[in-house]
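Trainee: Below are the sequence and a predicted model; questions follow.
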Amino acid sequence: MDRTARLKLIMEELRRRGVFAIPSFLDPSFPAQYKAAMDKSFLKAIQCTRRAGKSTGEGKETLQSMFDVPESNHLYGALTLSTAKSIIWDTLLKELEDRKIGYRANEQQGILRLENKSQLRLFGLDSSYKEMRKILGSKYKTVKIDEAGSITQDLKRICYQMVMPALTDVNGRLTLLGTAENIPKTFFEHVTTGKEPGWSIHKWTAFDNPYIAEKWKEHIEWIDQFNPSFKLTSEYKTHYLNEWCADDKLLIIRINEDTEIDPVRMIGPTYILGVDIGYNDACAFTLVAFHSKSPILYVVSSQKEPELDITGTAERIKSYLRSYPIAKVIIDGANKQGVEEMKNRHAIPLIPAEKTDKASFLKILSDDIIQGRVRYFRGACQSLIDEQMVLQWEDSTRQREDQRIPNDQNDSFLYAWREARNYLWKEEVKPKDINSDEYMDEYAKRLLDQRKRQNEF
């Protein structure tokens, strides 16, 4: 029997004898919060309005788990370490201080340790993938991810590929919690609407919070009286009614069902590679092709990879150059030093991307896709399509992208698309067959018209 198991048996025996009692942090007088906290499912999701008490409840559940299982490790994450602290840190310390429970805390690092050697660490999902792997290298009893409604498609990879393996050894639990947002097709939306199997789902609003319900009611009444038009907005429906409500008017790109095609063979195509540089944000590569006998731009492949340094990025570009007769490599020139390093040290011909008036060109790109002038090779561009389907404008002015949503692959595609010349294609005019009935009818009509004009004079 290992040390942790022996300590757990000792603690249970002490509790049985009444020598040591584990405090109860959970609140039965708040039924919705209490029911969610008592749910020990492997995968759990909590979707609430603002002021519904979801974060407070899961913070208390974390403390309860830390006391229930001595020497256990726990994680509580949000978009950034700073927001994780602002959401839960003060709540945790107040709970401990109100009960006069000893602890050690490092607020700068977001680490809390109890006397029974259980530890909680706060983290931000904006950490680099290297840092995330380091954080998730231990065994965890609970992992909770807050603000899940504002996290886009990478959350699925984080949950299934990074978090779940860290829970296996100690029979741990993963919880997602957040509000509904107007970002379409996120992983959290799929989970809370039942599209993602295997999750236990809890939903409630601030009206179910006994400590805020009356004030929430007064707040809603104030909106009814002084700002009734606000109830028509997506923000009201998401944050006040707990409804997913993506605003279709803000979507940048609309993908048709027939946009994907099986790869086609082209005679003498022109290939262009678009590259968007990133490190914490993924580095993205999109290869497009066109030829003189078609108005279509074909997206041959698209992929992204985080934590690529300059040499790694250069090697990826070289692998494309070896596989395809690429005419141009268009690259994000924001990191001028890195671009010059690749050009000089790695002897790669790079052309800085044209980035002026991005909003206007995004609208033109959307029109091209809607009108069928862009086709994606099936099986090679899915991550690009997934990204494009959730891109949206920040507001109704349609001048700036929503900064919450990753756009790395779409940027790499945009660079290549702006350099492509498929729009110069002109349909060939075939010479008419002088022996055809159509030609003879037209010829006869011209003769009749000519005689008519002669007779008029």
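Mentor: All right, it came through fine.
Trainee: what about the closest residue in space to residue 70 that isn't next to it in sequence, which helix or strand?
Mentor: Computed as C-beta to C-beta, 6 or more residues apart in numbering, the closest residue to residue 70 that is not its neighbour in sequence is residue 116, at 3.9 Å. Just so you know, the C-beta spots here come from the backbone N, C-alpha and C atoms, and that holds for glycine as well. According to DSSP states H and E, residue 116 maps onto no helix or strand at all.
Trainee: tally of neighbours for residue 116?
Mentor: The burial count assigned to residue 116 is 19, neighbours taken as other C-beta atoms under 10 Å.
Trainee: That one reaches residue 68, doesn't it?
Mentor: No - between residue 116 and residue 68 there is no contact under C-beta atoms under 8 Å: 9.7 Å.
Trainee: what about residue 400, how many neighbours?
Mentor: Around residue 400 there are 11 other residues, counting by other C-beta under 10 Å.
Trainee: which residue packs closest to it, ignoring adjacent ones?
Mentor: That would be residue 394: by C-beta to C-beta, 6+ apart, it lies 4.5 Å from residue 400.
Trainee: ditto for residue 404
Mentor: Using C-beta to C-beta, 6+ apart and skipping residues adjacent in sequence, the residue nearest residue 404 is residue 150, 5.8 Å away.
Trainee: The closest residue to residue 205 other than its chain neighbours: what's it in contact with?
Mentor: Among residues not flanking residue 205 along the chain, residue 49 sits closest, at 4.5 Å (C-beta to C-beta, 6+ apart). Residue 49 is in contact with 179, 205-206, 239-242, counting by C-beta atoms under 8 Å, 6 or more residues apart in numbering.
Trainee: now do residue 303
Mentor: Residues near residue 303 by C-beta under 8 Å, 6+ apart: 284-285, 383, 409.
Trainee: hang on, isn't residue 213 packed against residue 219?
Mentor: No - using C-beta under 8 Å, residue 213 makes no contact with residue 219, being 10.6 Å away.
Trainee: Look at residue 47 and tell me its secondary structure.
Mentor: What DSSP: H, G, I helix; E, B strand; the rest coil gives for residue 47 is strand.
Trainee: now the nearest residue to it once chain neighbours are set aside: how far from residue 260?
Mentor: Nearest residue to residue 47, sequence neighbours excluded (C-beta to C-beta, 6+ apart): residue 192, at 4.4 Å. Noted for residue 192: a distance of 28 Å to residue 260, by C-beta to C-beta, to the nearest Å.
Trainee: quick one, which of these two is more surrounded?
Mentor: Neighbours were counted for residue 192 and for residue 260 using other C-beta under 10 Å; residue 192 has more, 25 against 17.
Trainee: on that earlier part again, count of neighbours near the residue nearest to residue 404?
Mentor: Residue 150 - counted by other C-beta under 10 Å - has 19 other residues nearby.
Trainee: Report pLDDT for it.
Mentor: According to the prediction, residue 150 has pLDDT 87.
Trainee: Also residue 63?
Mentor: At residue 63, the model reports a pLDDT of 96.
Trainee: Can you give me the distance of it to residue 46?
Mentor: Remark: distance between residue 63 and residue 46 (C-beta to C-beta) = 17 Å.
Trainee: can you check residue 136 too?
Mentor: Noted for residue 136: a distance of 21 Å to residue 46, by C-beta to C-beta.
Trainee: on that earlier part again, the residue nearest to residue 47 touches residue 203, doesn't it?
Mentor: Yes - under the criterion of C-beta under 8 Å, residue 192 lies in contact with residue 203, with a separation of 7.1 Å.
Trainee: overlap in contacts of the two?
Mentor: Common neighbours of residue 192 and residue 203, counting by C-beta under 8 Å, 6+ apart, are residue 47.
Trainee: residue ranges of the strands in the stretch 51-200 of the chain, please?
Mentor: Along the stretch 51-200 of the chain, the segments classed as strands by DSSP state E, counting those that start in this stretch run 73-78, 103-106, 111-114, 119-124, 142-145, 173-178, 200-204.
Trainee: Next: the stretch 301-450 of the chain.
Mentor: Going by DSSP E, counting those that start in this stretch, the stretch 301-450 of the chain shows strands at 326-331, 351-352, 374-377.
Trainee: Could you list the residues in contact with the helix or strand residue 221 falls within?
Mentor: Under the criterion of DSSP H and E, residue 221 resides in helix 213-226. With contact meaning C-beta under 8 Å, 6+ apart, helix 213-226 is reached by 51, 205-207, 209, 230-231, 236, 240.
Trainee: now, which of the residues you listed lie within helices?
Mentor: residue 236 (DSSP state H).
Trainee: Between the contacts of helix 213-226, which sits nearest residue 335?
Mentor: Set against residue 335, the nearest of the contacts of helix 213-226 by C-beta to C-beta is residue 236 (40.6 Å).
Trainee: What about the nearest residue to the closest one once chain neighbours are set aside, how many residues nearby?
Mentor: Nearest non-adjacent residue to residue 236, counting by C-beta to C-beta, 6+ apart: residue 230, 5.4 Å away. By other C-beta under 10 Å, the residues close to residue 230 number 12.
Trainee: just checking, residue 196 touches residue 186?
Mentor: No - using C-beta under 8 Å, residue 196 is not in contact with residue 186; the gap is 10.7 Å.
Trainee: More neighbours: which of these two?
Mentor: Neighbour totals were compared for residue 196 and residue 186, and residue 186 leads with 25 against 18 (other C-beta under 10 Å).
Trainee: Which residues are in contact with residue 136?
Mentor: So residue 136 contacts 75, 162-163, 165-166 (C-beta under 8 Å, 6+ apart).
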